[in-house]
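S.K.: sequence and predicted structure below; questions after.
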Amino acid sequence: AQRVTQPEKLLSVFKGAPVELKCNYSYSGSPELFWYVQYSRQRLQLLLRHISRESIKGFTADLNKGETSFHLKKPFAQEEDSAMYYCALGPGDTDKLIFGTGTRLQVFP
Amino acid sequence: KAGVTQTPRYLIKTRGQQVTLSCSPISGHRSVSWYQQTPGQGLQFLFEYFSETQRNKGNFPGRFSGRQFSNSRSEMNVSTLELGDSALYLCASSTRTGGGSPLHFGNGTRLTVT
């Protein structure tokens, strides 16, 4: 069965520190992977998708099929990065987007 | 373009009642998906509609139902409300069906069941 695992509920770092939000997935086929972000009092929005291979707000994510991971990284965290981050997998065999349980990132000044 | 609009923003209902939530997708988007968001479970997929047809359904009881109209607007209905139905219900629209394209989310409807 398709599954997305985000092992950390909360990740706290200081401003300027590197950030890595972990995401592991289970799917035997070719996945479509996404990172969504929800800032305080804002709607959930797409941050990036693996096929774009682009950097958004300094964040990057590389698909590692061998380790079935799609970790989100940023070399220098900013306070405005504080938000809830969700990893999502689709469509696979289920034809739907499945979300992980999310990781709350707190960046302290 | 206007974003995804969900109404109402807040609802308070009592157990046993029923509720209808509304979602207007981005213009031109024909796919509408519904998710239930809770602190413990994260986002749980409810169902997806495309061109007025339910294309996919999550693991929720039959009390949860939905429909889509010819203008792509969608409604979700929950009958015989239970306390555990208290959650933020999110609607998302997309250009394509099937979960492979980015979703555009609304602000959600927060349902409280007392």
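M.R.: Nice, thanks for sending it over. Numbers count the residues shown, from 1 in each chain, chains lettered A, B, ... in the order given.
S.K.: A:Phe14: how many residues sit nearby?
M.R.: Using other CB atoms under 10 Å in any protein chain shown, A:Phe14 has 11 neighbouring residues. No exception for glycine: its C-beta is placed from N, CA and C like everyone else's.
S.K.: show the contacting residues for it.
M.R.: Residues counted as contacts of A:Phe14 (CB atoms under 8 Å, 6 or more residues apart in numbering or on different chains) are A:77, A:107-109.
S.K.: among these, name the buried ones.
M.R.: Among the contacts of A:Phe14, the ones that count as buried by 16 or more other CB atoms under 10 Å in any protein chain shown are A:77, A:107.
S.K.: can I get the contacts of A:Phe14 in TSV with distance to chain B and secondary structure?
M.R.: Shown next, in TSV, are these (distance: CB to the nearest CB, whole Å; DSSP: H, G, I helix; E, B strand; the rest coil):
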residue	distance to chain B	secondary structure
A:Ala77	23	coil
A:Val107	21	strand
A:Phe108	22	strand
A:Pro109	26	coil
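S.K.: now tabulate the contacts of A:Phe14 in a markdown table and tack on pLDDT and distance to B:Ile26.
M.R.: As requested, the contacts of A:Phe14 are exported to a markdown table (pLDDT from 0 to 100; distance: CB to CB, whole Å):
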| residue | pLDDT | distance to B:Ile26 |
| --- | --- | --- |
| A:Ala77 | 97 | 31 |
| A:Val107 | 98 | 31 |
| A:Phe108 | 97 | 36 |
| A:Pro109 | 95 | 36 |
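S.K.: ok, of the contacts of A:Phe14, which one's closest to A:Ser69?
M.R.: Nearest to A:Ser69 among the contacts of A:Phe14 is A:Ala77, at 19.9 Å by CB to CB.
S.K.: A:Glu20 is in contact with that closest one, correct?
M.R.: No. Under the criterion of CB atoms under 8 Å, A:Ala77 is not in contact with A:Glu20, lying 10.2 Å apart.
S.K.: so which of the contacts of A:Phe14 would you say is closest to B:Gln41?
M.R.: Ranked by distance to B:Gln41 (CB to CB), these are led by A:Val107 at 25.6 Å.
S.K.: any idea what that closest one is bridged to?
M.R.: With DSSP bridges as the criterion, A:Val107 is bridged to A:Val13.
S.K.: where does chain B get nearest to chain A, which residue?
M.R.: B:Gly99 (3.3 Å; CB to the nearest CB).
S.K.: residue contacts, that residue?
M.R.: If you count contacts by CB under 8 Å, 6+ apart, B:Gly99 has them with A:32, A:90-92, A:94-98, B:48, B:56.
S.K.: and if we set it to 10 Å?
M.R.: A:2, A:32, A:34, A:88-92, A:94-98, B:31, B:33, B:45, B:48, B:55-56 (CB atoms under 10 Å, 6 or more residues apart in numbering or on different chains).
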